[in-house]
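Participant: After the sequence you'll find the predicted model.
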Amino acid sequence: MKEQLENIYNSAKSDIEKAQSISDIDEIRLKYLSRKGEFNSIKKGLKDLSDEDKRVVGALANQITQDLEGLLREKHEVFYRKELNEKIDKLILQNNLEHKQFAYQIAKLEMNEGFTKIG
């Protein structure tokens, strides 16, 4: 059972490293850590083990779960910050464009007023 846990852990780590978006992270969390996830199915099998094996395998399962949750949180944070920065950049660009359009309209009005005074 320890081998199964380690295999699932390595597979999950690999999936986390390959993730490209927050939705990928969410899918990985569901695949491995949800009620119907792979770790939970192994934890259900703990009842069939001896008391000593339960302690060892249970502790390993808990440690792996905590490690994966930490890795998922870190990767989620990376993607969240990336998406947030992209939104900020887009808003700055949009604000600059609106500012330029506003400045152009003011200049146009000032030119019209200048021509009106001359003519």
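Facilitator: Happy to help now that I have it.

Participant: From here on, just use CA atoms for contacts and neighbour counts.
Facilitator: OK.

Participant: List the contacts of stretch 19-28.
Facilitator: 12, 15-16, 72, 75-76, 79-80 (C-alpha atoms under 8 Å, 6 or more residues apart in numbering).

Participant: Throw these into CSV and include secondary structure, pLDDT and distance to residue 97, thanks.
Facilitator: Shown next, in CSV, are these (DSSP: H, G, I helix; E, B strand; the rest coil; pLDDT from 0 to 100; distance: C-alpha to C-alpha, whole Å):
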residue, secondary structure, pLDDT, distance to residue 97
12, helix, 95, 44
15, helix, 97, 40
16, helix, 96, 38
72, helix, 97, 37
75, helix, 96, 33
76, helix, 94, 32
79, helix, 93, 27
80, helix, 91, 26
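
Participant: from those residues, which is closest to residue 54?
Facilitator: residue 12 (22.5 Å; C-alpha to C-alpha).

Participant: For that closest one, give me its contacts.
Facilitator: When contacts are taken as C-alpha under 8 Å, 6+ apart, residue 12 is in contact with 28, 32, 68.
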